[in-house]
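Engineer: one predicted model, sequence on top.
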Amino acid sequence: MGKLGKSWKKIVAFLRPSDVSLKMDRRIQLVKTIVINIISLSIFVAVWWGLSEMLNSAFLPRPDIVFEAFIDSFQTVDITTGRTMWDNILTSSIRVAWGFALAFILAVPLGLMMGFSKTFESFSKPVVEVFRPIAPIAWAPLLLIAMGGIVGPIIVIFIGVFFPLLSNIIFGVRSIQPILMDAARTLGARRRDMFVKVIIPSTVPYIMTGIRIGLGIGWMCVVAAEFLGAIGGGVGQYVQFKTEVNRFDQVFAGLIVFSILGLSTTELSGWVERRVSKRMGLK
Amino acid sequence: MNKKIAIIAIAVVAIVVVGAFAVTMLGGDDDEKVVYWTPIGPNLQKEALIAGQIDGAITWEPFASDALLSGEASIYKWSNEIWEDHPCCVVAVDDSFLASNRDLALRTLKAHMVATEWIIDTITNPSSENYSMMLQMGAEFSQRSIEVVNSSLSNIVFTYNMTDAFEEWMEVITQKYIDLDLIQESVLETRGYDDVGDFVEKYFDSSLIEEAADIEPSSTILNAGNPVRLGYLIGDLHQFSRVVANNDTIWGDGKDLFEVYGVATEISEGGPYVNGGAVMNAFAAGYVDVGYLGSPPAILNHLNGGVEVTVIAQVNMVGSAIFVNDEITTLDDFNGKVIATPGISSIQHLMFLDYFTSNGFTVKAL
């Protein structure tokens, strides 16, 4: 077997999942993951490039052209929006932050109460269940008209984040092991103590899961709101304007920005979720 | 430990909220002159001005005259004062339709030519019965008063020939788009053109006007059951020739002018459209055979989007304006103001961009 063949065998052996070993170096595992990710993305880019060349369509620009548009969008002020991509990212992020904050402030206490008190749940559930199935994006046209292009998008994001967060918190409260509750009662815990010292801490991992899911939905909502008429810039507005002038290289650049933003916030919240769960001894 | 986590979580949320609020309140550079724009359809611009949502708008007739004669706005500049004798709307035909239905395309063009000549003749005879009929047609089409239509038609120059001056303007507009990075120069080569001059020469094909000149009326409809799909803009009196050609009371026998030349027509799917970019999108979607639209979107979407059409005639020159509220009387008054445009791919938007950027303003989307 030639040198290439031996090298390939070594690469495959390195990448092949091996039996779980307590002594496996985490750094090697991380490197393996990164290498596999790079190979996967490279194949994706190659396929994209090939398709673009084959179709020769304005709607599928080549990856190198998109990359150039991506870099350029950060370095120059765009003539259609009067903003750089940094400005647009800041605007979209602020919207998501506001919507998320409002959802968090409302969903956490409401979810805890609904999970803890059957009476409160019976009172709140009908209203919640009426609104929950409605896709948050469906609210965008109405909210943009009723609340304007500044507040409207924030409310759309709020709706998108609120319901997954609420559902997870309620589920978290219901998932508390009964033996914990019994033990607390046996030790003399009153209702308030149960709530503060058992229920709230136990639901923290579920809150984190709800945040992670809600943020993903929040980014989708901000896209829709900015497409439909948000005021003040944003990545979605950039994509919409570039679609109108048929600059599809810039459209793709904007979509990649959305992907990075969504991915980074959900990954960050996922990391926080894992740390919190580990710290609390739940994983 | 649990308290710590709760405190940290609350602190994070508080920092996010306060940080977002602080950044939201941060202002820009005080020395920078900024004018904001927002896309609003011309038929809604006057109402938006009255409601205080905007401080002005750039638009096509009759909406400029409508705003002026309503007393709610004044004209800051007519488009002729910004770009002297600029061309505006054109007739474009789908390339595949042209290839397979050349005769129909020529007959449609002939109707446009005859209608344009009728308008030019009628405008010079304001005391004629045709003039009253023309005003009535314009009022019905644009949903505006006779007075508004009368004012509008005096601000528009109707023509169909694509002269040397027209082609020079098309080169200027294309170059402006390249300079503003709305079109990448490299895309010319991608579309098969050597340079801007070559693009204009090939894309704007005046040979069909010469061919159509000799076409005679037809006693039969040549495309019965398969009408030519016409795309055009909402209430746009620039494209009045289409309105006149589609009128069935002028040309005899209850026929419109297209039918006189043997062509059945219908409005295209999704029409009428809010701007020329929408017309080009409709071309791309296969909804339009022959379209009336601004020359800049015809350029922009053909080069950027590869929409396969050819421009075969001019429709009008000039006939747009910037109208404003009473807070704006000078150029400096535009600082911090919001101006509506019909959309980013319209000639009005390009004119707006060009005018304000060349006068030291930063243009930002609202």
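Structural biologist: That came in fine, so what should we check first?

Engineer: check what pLDDT the residue of the stretch 151-283 of chain A found nearest chain B gets.
Structural biologist: Going by CB to the nearest CB, chain B is nearest to A:Asn246 of the stretch 151-283 of chain A, at 3.3 Å. Placement of C-beta: from N, CA and C, glycine included. The model reports A:Asn246 with a pLDDT of 90.

Engineer: chain A contacts on the stretch 251-366 of chain B?
Structural biologist: For the stretch 251-366 of chain B, the contact set with chain A under CB under 8 Å from any CB of the partner chain comprises B:277, B:280, B:300-301, B:304-307, B:343-345, B:353, B:357, B:362-366.

Engineer: list the contacts for B:Met351?
Structural biologist: Residues in contact with B:Met351 (CB atoms under 8 Å, 6 or more residues apart in numbering or on different chains) are B:Ile58, B:Ser79, B:Ile82, B:Trp83, B:His86, B:Ser320.

Engineer: phi, psi for it please.
Structural biologist: phi -60, psi -40 (degrees, to the nearest 10).

Engineer: kindly report the same for B:Val263.
Structural biologist: Dihedral angles (degrees, to the nearest 10) for B:Val263: phi -120, psi 120.

Engineer: which residues does the residue nearest to it when sequence neighbours are not counted contact?
Structural biologist: Distances taken as CB to CB, 6 or more residues apart in numbering or on different chains put B:Arg107 closest to B:Val263, at 4.8 Å, once the chain neighbours are dropped. By CB under 8 Å, 6+ apart, the residues touching B:Arg107 are B:Ala212, B:Ile215, B:Ser218, B:Leu222, B:Phe258, B:Tyr261, B:Gly262, B:Val263.

Engineer: secondary structure class for the nearest residue to the fourth one once chain neighbours are set aside?
Structural biologist: Among residues not flanking B:Leu222 along the chain, B:Gly262 sits closest, at 4.3 Å (CB to CB, 6+ apart). When classified by DSSP: H, G, I helix; E, B strand; the rest coil, B:Gly262 comes out as coil.

Engineer: B:Gly262: how many residues sit nearby?
Structural biologist: As a burial measure, B:Gly262 scores 23 neighbours (other CB atoms under 10 Å in any protein chain shown).

Engineer: check contacts around it.
Structural biologist: B:Gly262 neighbours (CB under 8 Å, 6+ apart): B:Arg107, B:Pro217, B:Ser218, B:Ser219, B:Thr220, B:Ile221, B:Leu222, B:Asn223.

Engineer: now do the SS call for the fifth one.
Structural biologist: When you say that, I think you mean B:Thr220. Assignment for B:Thr220 (three-state DSSP): coil.

Engineer: excluding its backbone neighbours, what's nearest it?
Structural biologist: Closest to B:Thr220 by CB to CB, 6+ apart is B:Gly262, at 6.3 Å.

Engineer: can you list the domains in the chain?
Structural biologist: Going with chain A. Listed domain ranges for chain A are A:25-54, A:65-279 (source: automatic domain parsing).

Engineer: actually, chain B is the one I wanted.
Structural biologist: If you go by automatic domain parsing, chain B breaks into B:34-85+B:320-365, B:89-317.

Engineer: quick one: which of those domains is nearest A:Val77?
Structural biologist: A:Val77 lies closest to domain B:34-85+B:320-365 among the domains of chain B, at 7.8 Å (CB to CB).

Engineer: how near is B:Asn161 to B:Met170?
Structural biologist: As judged by CB to CB, to the nearest Å, B:Asn161 and B:Met170 stand 13 Å apart.

Engineer: looking at these two, which is more packed in?
Structural biologist: A direct count of neighbours by other CB under 10 Å for B:Asn161 and B:Met170 places B:Met170 higher, at 25 against 12.

Engineer: Three-state assignment for that one, please.
Structural biologist: Applying three-state DSSP: B:Met170 is helix.

Engineer: tell me who's in contact with A:Gly148.
Structural biologist: Here A:Gly148 is in contact with A:Ile231 (CB under 8 Å, 6+ apart).

Engineer: and B:Glu47, how far from B:Ser151?
Structural biologist: For B:Glu47, the distance to B:Ser151 - CB to CB - is 19 Å.

Engineer: same drill for the two, tell me which one is more crowded.
Structural biologist: B:Ser151 (18 against 13).

Engineer: and the stretch 101-250 of chain B, which of its residues are near chain A?
Structural biologist: By CB under 8 Å from any CB, the residues of the stretch 101-250 of chain B that approach chain A are B:Leu180, B:Asp181, B:Leu182, B:Gln184.

Engineer: surely the third one touches A:Arg247?
Structural biologist: By that I understand B:Leu182. Yes. Between B:Leu182 and A:Arg247 there is a contact under CB atoms under 8 Å: 7.2 Å.

Engineer: which residues do those two both contact?
Structural biologist: B:Asn304.

Engineer: what number of residues lie near whatever residue of the stretch 151-300 of chain B ends up closest to chain A?
Structural biologist: Taking CB to the nearest CB as the measure, the stretch 151-300 of chain B has B:Leu180 as its residue closest to chain A, at 4.7 Å. A count of nearby residues for B:Leu180, using other CB under 10 Å, gives 15.

Engineer: can you tell me what sits against the helix or strand encompassing B:Leu293?
Structural biologist: Per DSSP states H and E, B:Leu293 falls inside strand B:290-294. Outside of strand B:290-294, the residues within contact range by CB under 8 Å, 6+ apart are B:88-94, B:97, B:105, B:108, B:228-233, B:236, B:239, B:242, B:268, B:273, B:275-276, B:279-280, B:282-283, B:309, B:315, B:346-348.

Engineer: give the partner strands of it in its sheet and their orientations.
Structural biologist: strand B:89-94 (antiparallel), strand B:228-231 (parallel) (DSSP bridges).

Engineer: between those, which one is nearest to B:Asp332?
Structural biologist: strand B:89-94 (32.1 Å).

Engineer: now do the closest one, average pLDDT.
Structural biologist: On average, strand B:89-94 scores 97.

Engineer: so after that strand, what's the next helix or strand?
Structural biologist: helix B:95-100.

Engineer: that following helix and chain A, are they touching?
Structural biologist: No. Shown here: helix B:95-100 not in contact with chain A (CB under 8 Å from any CB), separated by at least 14.8 Å.

Engineer: packing partners of that helix?
Structural biologist: If contacts are counted by 3 or more CB pairs under 8 Å, 6 or more residues apart in numbering or on different chains; DSSP states H and E, helix B:95-100 sits against helix B:102-123, strand B:309-314.

Engineer: what residues sit buried inside that helix?
Structural biologist: Neighbour counts over helix B:95-100 (16 or more other CB atoms under 10 Å in any protein chain shown) mark B:Phe97, B:Leu98 as buried.

Engineer: what's that helix in contact with?
Structural biologist: B:Leu104, B:Ala105, B:Val228, B:Asp289, B:Val290, B:Glu308, B:Val309, B:Thr310.

Engineer: got phi/psi on the fourth one?
Structural biologist: When you say that, I think you mean B:Asp289. The phi/psi pair for B:Asp289 (degrees, to the nearest 10) is phi -100, psi -50.
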